[in-house]
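Engineer: Next input, structure requested:
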Amino acid sequence: MNAVILQGKPVGESVLQGEGAGPGPTSSSLLSDLLSILRGNIKKPFGVSVSKLKSLKPYNVNNYVNSLYLRFEVKDKPGVLSEITNRLAKYKISVKRLIQTPDKKNNKATIVIITHKTTETNIHNCLSIFKKNKNILKTPTLIRLLG
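Structural biologist: All right, here's what the predicted structure looks like:
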């Protein structure tokens, strides 16, 4: 089986997989096809004449607004939850729901937060600060929620 993983904004990760000739020939063919399209050597990429393809406007990530699912793995000690919620508030991110599950054996806790709608800029700036916090044990998990 071969697989190609594509990463894009705002769609995230897409995986294409199937039987193939092996990793070398498949990746070589894929790159060859993409380069041909970029050079304009293929008259109908995606089954449409080049002259009929619409130009796309760049996506402005700063206009993206939605609710978030955030999961934090933290040290289980007083004040950690308030550090997180104070930081969210500073970046105008409002908590809709919160669940904290302690792991007494390992002196850790998992904190799950669902937020009200916020901007992509706010969350990006806020999460970059969490990377420096020694009470947060690993990079927070973020899932954008529709609706």
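
Engineer: now the chain, which segments are flagged as low pLDDT?
Structural biologist: 1-2, 42-47, 50, 147 (pLDDT under 70).

Engineer: Spell out which residues make up each domain of it.
Structural biologist: The chain breaks down by automatic domain parsing into domains covering 2-52, 61-145.

Engineer: Just give the number of residues close to Asn60.
Structural biologist: Neighbours of Asn60 under the rule other Cβ atoms under 10 Å: 8. Placement of C-beta: from N, CA and C, glycine included.

Engineer: Next up, the contacts around the residue nearest to Thr118 when sequence neighbours are not counted.
Structural biologist: Once flanking residues are discounted, Thr118 sits nearest to Ile93: 4.7 Å by Cβ to Cβ, 6 or more residues apart in numbering. Contacts for Ile93 (Cβ atoms under 8 Å, 6 or more residues apart in numbering) come out as 68, 115-116, 118, 122-123, 126.

Engineer: And those residues, which of them are buried?
Structural biologist: By neighbour count, with 16 or more other Cβ atoms under 10 Å, the contacts of Ile93 hold 68, 115, 118, 122-123, 126 as buried.

Engineer: before we move on, back to that, among the contacts of Ile93, list the two that are farthest apart in space.
Structural biologist: The two members of these with the most space between them (Cβ to Cβ) are His116 and Cys126, at 13.7 Å.

Engineer: Please enumerate the strands of this protein.
Structural biologist: Listed in chain order, the strands of the chain (DSSP state E) span 2-8, 12-18, 65-75, 95-103, 108-115, 118-119, 141-145.
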